[in-house]
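1. Below: sequence and its predicted model.
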Amino acid sequence: MAKQSAAAVAAETATSSSGRTFKRPSGDLPQLDFIRPSKLTDNDAGKVLVEGLYLGPVANEMTKKNDFKFQLENGSQVIINGAGNLGYRMSNIATNTVVQVIYSGRNKIAKGPMAGKMSHGFSVLIAE
């Protein structure tokens, strides 16, 4: 077994003010990251946000929208919060499909009840 650096051990354990020591449980879940479209900027346009296996929609009680969960090749998981036209783009994607999600930037909505407002745009490609 490889020796861990002091920083790695510190990241895996913590001591409370009462002197208790805490560590990660064995069999810990894979890393889970969140992508919030509200934090994306014009500099992110054209960026591949996720390339991996689509695990399906996840209900978000706060926003009353679906978020979307993916598993990357390294085993970590990513959830992209629902925004803009991502829900529309994901509506025809079956779970367990390998996809690539690309952020295309913010665009002004041309018509409908949200006309004139800015919306986040996405492209979703499926693997052949």
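-> Okay, I see it.
2. switch to C-alpha atoms for all contacts and neighbour counts from now on
-> Fine.
3. pLDDT below threshold where in this structure?
-> 1-17, 26-29 (pLDDT under 70).
4. now the strands: where do they sit in it?
-> 13-15, 21-23, 32-35, 48-60, 65-71, 77-80, 98-108, 118-126 (DSSP state E).
5. Now do the residue most central in space within the chain against Pro37, distance only.
-> The chain has Ile79 as the residue nearest its centroid, 2.8 Å off, counting by C-alpha atoms, centre = their mean. Distance, Ile79 to Pro37, using C-alpha to C-alpha, to the nearest Å: 11 Å.
6. And Val101, by the same measure?
-> 12 Å.
7. Ala94 now?
-> 22 Å.
8. The two - which one has more neighbours?
-> Pro37 (20 against 12; other C-alpha atoms under 10 Å).
9. In contact with that one, which residues?
-> Ile80, Asn81, Gly82, Ala83, His120 (C-alpha atoms under 8 Å, 6 or more residues apart in numbering).
10. Turn those residues into TSV, including neighbour count.
-> Formatted as TSV, these follow (neighbours: other C-alpha atoms under 10 Å):
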residue	neighbour count
Ile80	21
Asn81	23
Gly82	24
Ala83	19
His120	21
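11. Format those as TSV; extra columns: distance to Ala110.
-> Below are the contacts of Pro37 laid out as TSV (distance: C-alpha to C-alpha, whole Å):
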residue	distance to Ala110
Ile80	25
Asn81	23
Gly82	20
Ala83	17
His120	13
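12. Which among the strands of the chain is found nearest to Tyr88?
-> Set against Tyr88 and scored by C-alpha to C-alpha, the strands of the chain come closest in strand 118-126, at 9.6 Å.
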